[in-house]
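1. Model the structure of this input:
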Amino acid sequence: MKHHYADVLDRTGDTWTITPNAQRWSCHVDDLAGVPEDTERLTVTAGDRNWQRMLQLSQLRELTLHEPSQDQLLALARMPQLTALRISHARPASLAMLEGLSALRELVLEYVSGFNDLSPVGRLPALRALHLENLRRVSDFSGLAGAPALRSVTVMGTLDWNQPVADPGFLAQLPALEAVSITWFRSPLVSGLPGTLLRVPKLRKVHFSMSELPLEDFARIQAWLPGVEGAVREPFVLCGEIQRVIDPREDVAALPLEAFLAVPGFWVDAQGRRREHLADSAYLLGKGERMAQGRSANVLARCGQHAQRYRALVEQFSGEGVPGR
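-> You can find the predicted model right below:
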């Protein structure tokens, strides 16, 4: 899949400062020979002339390597001053060249293949934010375990390929972890994710796309971690949604209020006007849940049933108590 150049990093707070994806080319020149000594941000590609000039820029703090050569990747070992690094569309055999980046705080690896060992990343002492997207040969993320400063982790596949995650247990071995986002992924041990999240002591924010986890696991996360941002989920999302004011001349306008409100999609606004909520489809929360489609009344009725089922699961897991507590 062609890279989208969208900025999918969570920009709330101070976790990410790296230049947004779409703006990477504002830091690019075809020939680095004349790049000023005080340059702090730079984008470099394999075709750039005099690219070795980047090694002489003592104030360079942020680097994007887009479709880099192997020599450019290896040169990273000679740039210990970097605090933010993005590598896009590359095939390094290993990430050993990153191990000397002792000041690195932010790392983005997107559409990078060729390696399968993340342990050099796990040994970066200052790394606080990590975005991993479409790493074709990686399924074992245990190499990240023990990263001392890592506060934010994002793991993403793409619309046409789900990132394999052999075991999400590595998350519980990140002592500083606060925010987790995992989307478009597949894992044989995905049902263990709620229990793993319970073992992340500083967790404050989670994000999983609607179809990644079984409905029961979404309910467990909501029941067990209600104070964590993103843990409380809506059980459905309406599509093709419109709302209309019901004409007083329509038959339903004459229904008694109790009977009117019993009809799926009917409601009364703050001004006392009777309205109808229309939707031609809806996404239902939970892996394997089929999309609701058809007449608006049927879609809304199905959403209501799904919401009732989800609320019952949340109540069930809340009543059972949090495991180990």
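
2. When you work out contacts or count neighbours from here on, use the C-alpha atoms and nothing else.
-> Noted.

3. Tell me which helix or strand the nearest residue to Ala46 once chain neighbours are set aside sits in.
-> Nearest in space to Ala46, with sequence neighbours left out and distances taken as CA to CA, 6 or more residues apart in numbering, is Pro68 at 4.5 Å. Counting by DSSP states H and E, no helix or strand carries Pro68.

4. Relative to Arg302, how far out is Pro68?
-> From Pro68 across to Arg302, the span is 50 Å (CA to CA, to the nearest Å).

5. circling back: contacting residues for the residue nearest to Ala46?
-> Residues near Pro68 by CA atoms under 8 Å, 6 or more residues apart in numbering: Val44, Thr45, Ala46, Ser88, His89, Ala90.

6. residue contacts, the third one?
-> Same thing as Ala46. His66, Glu67, Pro68, Ser69, Gln72.

7. Could you rerun that using 10 Å?
-> Residues near Ala46 by CA atoms under 10 Å, 6 or more residues apart in numbering: Leu65, His66, Glu67, Pro68, Ser69, Gln70, Asp71, Gln72, Leu73.

8. My read is that the second one contacts Arg91, right?
-> Right, the one you point to is His66. No. The criterion here is CA atoms under 10 Å, and His66 misses it with Arg91 at 11.4 Å.

9. Let's see the pLDDT reported for Ala325.
-> Residue 325: Arg, not Ala. With respect to pLDDT, Arg325 scores 69.

10. meant to ask about Glu276, not that
-> At Glu276, the pLDDT value in this model is 87.

11. Packing partners of the helix or strand containing it?
-> Assigning secondary structure by DSSP H and E places Glu276 in strand 274-278. Counting contacts by 3 or more CA pairs under 10 Å, 6 or more residues apart in numbering; DSSP states H and E, strand 274-278 packs against strand 242-245, helix 257-261, strand 266-268, helix 296-320.

12. From the chain's centroid, how far away is the last one?
-> It stands for helix 296-320. Counting by CA atoms, centre = their mean, to the nearest Å, helix 296-320 is centred 25 Å from the centre of its parent chain.
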